[in-house]
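**Q** Any chance you could fold what I've pasted below:
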Amino acid sequence: MKLKLLFVLLFILPQLSFAYTINRGTYGEELHWSSNSAEVYFNTSNSSLISQSTLSAILSSARNEFSSQGYTFNAGIDSSGPITGRNDIYFTSDSSIFSGSSVLWITKVSFEQSTGTIIESDILLNDSIFFTSNTNSGNYIGDVLTHELGHFVGLGHSEVHGSTMFFSLSSGQDTLADDDKAGVKHLYTSSDSQITGKVVGGSGVGIFGTHVQAISSTSGKVIASAISESDGSFIISGLSKLETYYLYLKPISEKENLPSHFGTARSDFCLSDNDYRGTFFQSCRRSEEGRPQGIATGSSSSVSVGSITIGCELSAPVAYMQNKNGGTNTINIVDAFGNAGDAITGYFSESDATLNTPDEYEIDLTNYSVPTGDIYLDIKIVSQGLYSPIRLSIGSLTETIEYETNDDVYGLRYDGDNSADLDVIGRIKLDSTSANNTFKFSITPEKISSYIASKPFSEDSFFPGYSDHKDSENFYLLVLTVSKEELGAYTKISEKKYAFQDNTNCIDAPRAISVSENSQAKSAALEELEKRKKQDDPNILSCGTVGTSGGPPSGSGGFILAFFFGLILANLSKLSRII
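**A** Numbers count the residues shown, from 1 in each chain. A predicted model of the protein is given here:
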């Protein structure tokens, strides 16, 4: 029965869903298991000649990524092949399933139509692909297994840079990123905090299909994200308490690859039917233009930001724009309450990026009361996760800057998952005498195309899915905070305190209209079945949905849908670290 269902759905394209968007059933239900554990059996026979013991160890590492977030896989090795009614992982070179080498695997999920509860899940690995156990290889089996286990538990693909669930293979996918972790927690455990709100445009209508990302002021990384529903509402869960986040809103990049639930989403809401673009949630006040508002979760389990608008243009501070041609941007980052910190959006024209023309900043901390100990101004420059096609560097014009670095021969810094990180973190030590704490530094751009010109890299080495996801603007987010160093660890001790306001009075995108989701409505009969909690309507999930006339894997009657998740082999060349 398993193979017959796969044959029916052979020609369906892989489904891609974004953020940590949970995969949806026929009627929009989030797919999930009824408990936070499952048994899975692995037939390790493969033509790549990877030993059973090696595959078992790699699978164990992948399982541990999920168990640390609250979902447990109990795995066994079994050479008997796929068995109906249980969860299997196995290699197959069946050409009727894998018609070419561009799909690495398929995950088949059987679920109950009325509730979205997963009944069975199988992972099929393309045995025509030569997988390896080398973590630096372009087709490392650990990246594949961790990604597919994400589908197994109910996660869809992600548009977040560096995430395990990103739809094409890239370095480090064997380690769950923060956005992936937030998705697992959303389904099976609970998060410390969440941010809720409504994305709006035009006359205040809700915007369907906006990708809302929460960027940490501490790390400068996307911690969690969500896609707005048809009424514009969103919930970003998986966040920490006592942290500050900046919200970045952008249209989804590849609507045609989303689940059908999001298939009707539109973005052509600006003048001349242009698409809205990526922008940060900022205040309506002119004085705060180009300064993203920080959302502090504090000790609350949920923070509502109200209505936040999509944007048709990238915003930058007025004073920044006035000093763009050779001037210095002077910023007093100490507020009336003595808190030190700020965040601004900057950008480089094509000419600036080509000629490496820098932005210059002067940071005034003379009104900051410096605590005892080793205190630093933290300078974080975020661009890579925004798909801004530049490589930035900091240069000090006054004091020495200490960098977070583990540079290789190409001057690259690497994250814990061994993927190259183009974002910059620098620190300047504060003087105990406040009057001495004025610092100047520059931010210099280099086009990513220029950087890779004489190196063994491509744009996709740093920006997976580059051609589809790159932003046309060379922009960045500059985050300034203060930290204290103890025993080599830096702890944030001060940042700007925001009394954020929503965007009800400054809504952009004048042509925005309301759009409904594409999920089917439940029939009265099916709703009655759900009320009775009948559990006899399992479905099969795949990349698209088709109706079939057979029975479900368990052998009982019911309407069957098929839905496969496949990873596209878009770019097998990884960024290998060279020391």
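**Q** Identify the residues contacting stretch 32-45?
**A** Contacts to stretch 32-45, defined as CB atoms under 8 Å, 6 or more residues apart in numbering, come from residues 22, 50-52, 55-56, 59, 70-83, 86-91, 116-118, 121, 152-154, 187-189. C-beta here means a position set from N, CA and C on the backbone, and glycine is covered the same way.
**Q** State which strand of this structure is the longest.
**A** Using DSSP state E to define each element, the chain has its longest strand at strand 474-486.
**Q** distance between it and the chain's centre?
**A** Offset of strand 474-486 from its chain centre (CA atoms, centre = their mean, to the nearest Å): 20 Å.
**Q** buried stuff in it?
**A** Within strand 474-486, the residues that qualify as buried by neighbour count (16 or more other CB atoms under 10 Å) are 474-484.
**Q** Quick check, central residue of this structure?
**A** Taking CA atoms, centre = their mean, the centroid of the chain lies closest to residue 160, which sits 2.3 Å from it.
**Q** Leaving out sequence neighbours, find the closest residue to that one.
**A** On the basis of CB to CB, 6 or more residues apart in numbering, the spatially nearest residue to residue 160 that is not a chain neighbour turns out to be residue 179, at 4.4 Å.
**Q** what about the one you found, distance to residue 324?
**A** In this structure, residue 179 and residue 324 are 33 Å apart, going by CB to CB, to the nearest Å.
**Q** quick one: which of those two has more around it?
**A** With neighbours defined as other CB atoms under 10 Å, residue 179 and residue 324 compare such that residue 179 has more, 29 against 17.
**Q** got a pLDDT number for that one?
**A** Per-residue confidence at residue 179 stands at 90 (pLDDT).
**Q** Quick check: it vs residue 313, distance?
**A** Between residue 179 and residue 313 the distance, using CB to CB, works out to 27 Å.
**Q** Touching, residue 116 and residue 110? I think so.
**A** No - at 11.7 Å, residue 116 does not count as touching residue 110 under the criterion of CB atoms under 8 Å.
**Q** just to revisit the earlier point, would you list the buried entries among the contacts of stretch 32-45?
**A** Taking 16+ other CB under 10 Å as the criterion, what is buried in the contacts of stretch 32-45 is 22, 50, 55, 59, 71, 73, 75, 78, 82, 86-91, 116-118, 121, 152-154, 187-188.
**Q** Residue 175 is in contact with residue 416, correct?
**A** Yes - between residue 416 and residue 175 there is a contact under CB under 8 Å: 7.0 Å.
**Q** Compare those two and say which is more crowded by neighbours.
**A** Neighbours per residue, other CB under 10 Å: of residue 416 and residue 175, the larger number sits with residue 175, 20 against 8.
**Q** So the more buried one lies in a strand, does it not?
**A** No - when classified by DSSP: H, G, I helix; E, B strand; the rest coil, residue 175 is found to be coil rather than part of a strand.
**Q** how about the spatially closest residue to it that is not a sequence neighbour, phi and psi?
**A** The spatially closest residue to residue 175, leaving aside those adjacent along the chain, is residue 417, at 4.0 Å (CB to CB, 6+ apart). Per-residue torsions, residue 417: phi -90, psi 10 (degrees, to the nearest 10).
**Q** do you know how far residue 417 is from residue 70?
**A** For residue 417 relative to residue 70 (CB to CB), the value is 20 Å.
**Q** Check residue 162 too.
**A** Using CB to CB, which is the criterion applied here, residue 162 is 22 Å from residue 70.
**Q** Same check on residue 236?
**A** 18 Å.
**Q** and what of residue 150?
**A** When CB to CB is applied, the distance between residue 150 and residue 70 equals 14 Å.
**Q** any common contacting residues for these two?
**A** Where contact means CB under 8 Å, 6+ apart, the residues bridging residue 150 and residue 70 through contact with each are residue 184.
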